[in-house]
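A.B. asks: 3D model of this:
(chains A and B)
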Amino acid sequence: EGQLVESGGGLVQPGGSLRLSCEGSDFIFGHYWMGWVRQAPGKGLEWVANIKQDGSEINSVDSVKGRFTISRDNVKNLLTLQMNSLRAEDTAIYYCMRGGANCGGDCYLDSWGPGTLVIVSS
Amino acid sequence: DIQMTQSPSTLSASVGDRVTITCRASQNIRTWLAWYQQSPGKGPKLLIYKASVLQNGVPSRFSGSGAGTQFTLTINTLQPEDFATYFCQQYDSIPLTFGGGTKVEIQ
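C.D. replies: Okay, the predicted model is just below:
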């Protein structure tokens, strides 16, 4: 089924930066679209970004364009989210997720990590 | 962007009940719809994709139906572990979007 574990969350001031990581195991990491979904405290789910198997295609929600960068290392089974110019509204639990088999970027999400909390506050 | 609207936002039920959750899309998404279950403090878990296909390992008391703009998730014979929040998600187009969630709580 595959396991995903996020790391890198924490408290950061507005305007600051943070780098999230997600390590995949028990599946062939390079065979899947990967991405991030976030959930503000007590709120619903918001898709953030995803990246194709070879990194050649990236999609992201408008609110993070120009601030967040998604990347991957298929040798290390690692997905990263570089977050710059952070705002209070970026405060959320960030989940790493895997796209379903034989899917493109527009797909269901068949495996999720437990999440890592990012708090943007002064 | 495609808007997803779930109803109700909260549902009170008892063990053994049958419950139905509705999800409506702002435009035709064919059957590109998934359902997720989220228990407190955990990441979401995929239950159903392509509107009605049960993910491996998900109990058969869960079922999904619908096409176009109207979809339903039904849980037959509610079990204690089913008290959780449920989300729908469209994957007809980017950006992927989710419904606001339905919390199934103990009556």
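A.B. asks: chain center to stretch B:29-45: distance?
C.D. replies: 6 Å (C-alpha atoms, centre = their mean, to the nearest Å).
A.B. asks: ok, now stretch A:18-37?
C.D. replies: So, by C-alpha atoms, centre = their mean, the centroid of stretch A:18-37 is 8 Å from its chain's centroid.
A.B. asks: ok, now stretch B:92-107?
C.D. replies: That offset, for stretch B:92-107, works out to 6 Å (C-alpha atoms, centre = their mean).
A.B. asks: does that stretch come close to chain A?
C.D. replies: Yes - residues of stretch B:92-107 contacting chain A under C-beta under 8 Å from any C-beta of the partner chain: B:92-101. C-beta coordinates here come from the backbone N, C-alpha and C atoms, glycine included.
A.B. asks: how long is that stretch end to end?
C.D. replies: 35 Å (C-alpha to C-alpha, to the nearest Å).
A.B. asks: swap in stretch A:6-14?
C.D. replies: Start-to-end, stretch A:6-14 (C-alpha to C-alpha) is 22 Å.
A.B. asks: How about residues contacting that stretch?
C.D. replies: With C-beta atoms under 8 Å, 6 or more residues apart in numbering or on different chains as the contact definition, stretch A:6-14 has outside contacts at A:18-23, A:86-88, A:93-96, A:113-122.
A.B. asks: on that earlier part again, going by neighbour count, which of the residues of stretch B:92-107 next to chain A comes out on top?
C.D. replies: residue B:96 (30 neighbours; other C-beta atoms under 10 Å in any protein chain shown).
A.B. asks: Distance of the residue at minimal distance from the centre of chain A relative to residue B:25?
C.D. replies: Most central in chain A under C-alpha atoms, centre = their mean is residue A:36, positioned 2.6 Å from the mean C-alpha point. Look at residue A:36 and residue B:25: by C-beta to C-beta, to the nearest Å, they are 23 Å apart.
A.B. asks: Equivalent analysis for residue A:26, please.
C.D. replies: 33 Å.
A.B. asks: out of the two, which sits in the more crowded spot?
C.D. replies: residue B:25 (23 against 11).
A.B. asks: residues in contact with the nearest residue to the more buried one once chain neighbours are set aside?
C.D. replies: Nearest residue to residue B:25 in three dimensions, chain neighbours excluded: residue B:69, at 4.6 Å (C-beta to C-beta, 6 or more residues apart in numbering or on different chains). Neighbour list for residue B:69: B:24-29 [criterion: C-beta under 8 Å, 6+ apart].
A.B. asks: about what we covered before: per-residue pLDDT of the residue nearest to the centre of chain A, please?
C.D. replies: Note for residue A:36: predicted pLDDT of 98.
A.B. asks: Over to residue A:60?
C.D. replies: For residue A:60, pLDDT reads 97.
A.B. asks: and the residue lying closest to it once chain neighbours are set aside, what element?
C.D. replies: Sequence neighbours aside, residue A:49 is the residue nearest to residue A:60 in space, at 3.8 Å (criterion: C-beta to C-beta, 6+ apart). In the assignment (DSSP states H and E), residue A:49 maps to strand A:45-51.
A.B. asks: Please put the alpha-carbon coordinates of that strand into CSV.
C.D. replies: What follows is strand A:45-51, C-alpha atoms only, in CSV (Å, rounded to 0.1, in the frame of the first residue of the first chain):
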residue,chain,number,x,y,z
LEU,A,45,-8.9,20.0,2.9
GLU,A,46,-7.2,22.1,0.3
TRP,A,47,-5.0,20.7,-2.5
VAL,A,48,-1.7,22.5,-2.7
ALA,A,49,0.5,21.1,-5.4
ASN,A,50,1.6,17.9,-7.2
ILE,A,51,4.4,16.7,-9.4
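A.B. asks: With that, I have no additional questions.
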